[in-house]
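K.L.:
What shape does this take:
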Amino acid sequence: MSIDRREFVRLAAGAVGGVAFPGCASVAMMRVSPADGILRLPLQEVPQLVRPGGYLRVQPEGNANPVYVVAVEEGEYVALSPICTHLGCTVDIESNRLVCPCHGSTYDRTGEVLRGPAERALTRYPTTVVDDELIIRLEGQG
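P.N.:
Below you'll find the predicted structure:
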């Protein structure tokens, strides 16, 4: 099998990225179609949220930005915008915190600011659990 230089560079960059940024590569992602601004996640289909501390990146179809869903306690979930409130970069999930790669703002798993320069918490979306289904209301999302 022969590959050209461009394909080799693309493959090599992907391999290096997976090794250099294992935290980013391991964040599970799920695509979901919202209905009337509401996301529905059957909890039996998202094992990442079974235990407190688990998290999942949800990509609502038609939205540019994902939603981070975090299991904060047994049966309690937080849905967050990953957009830093300082200058709009996308924060990364790093074990028990969310960190902005642009200027170092750090948030806890509920989106509250631990360290600036950000002064406001990440946007939270209302969540409820009904019949083993996590419901997220994307208020103000288009």
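
K.L.:
The protein: helices as residue ranges?
P.N.:
For the chain, the helices defined by DSSP state H cover 5-20, 22-25.

K.L.:
Ranked by average pLDDT, which of those falls at the bottom?
P.N.:
Ranked by mean pLDDT, those bottom out at helix 22-25, which scores a mean of 39.

K.L.:
Can you tell me which residue is spatially central in this protein?
P.N.:
Tyr68 (2.9 Å; CA atoms, centre = their mean).

K.L.:
What distance do you get for that one to Gln44?
P.N.:
20 Å (CB to CB, to the nearest Å). Every residue, glycine included, has its C-beta placed from N, CA and C.

K.L.:
ditto for Glu74
P.N.:
To Gln44, Glu74 is 15 Å away according to CB to CB.

K.L.:
now do Ser95
P.N.:
When Ser95 is compared with Gln44 (using CB to CB), they lie 25 Å apart.

K.L.:
swap in Gly104?
P.N.:
With CB to CB as the criterion, Gly104 and Gln44 are 38 Å apart.

K.L.:
Neighbour count: those two, which is higher?
P.N.:
Between Gly104 and Gln44, counted using other CB atoms under 10 Å, the more crowded position is Gly104 (13 against 9).

K.L.:
Pull the contacting residues for the more buried one.
P.N.:
Arg115, Pro117 (CB atoms under 8 Å, 6 or more residues apart in numbering).

K.L.:
and if we set it to 10 Å?
P.N.:
Cys84, His86, Arg115, Gly116, Pro117, Ala118 (CB atoms under 10 Å, 6 or more residues apart in numbering).

K.L.:
and if you look at Val67?
P.N.:
Val67 is in contact with 30, 32, 34, 39, 56-60, 79-82, 123, 125, 136, 138, 141, counting by CB under 10 Å, 6+ apart.
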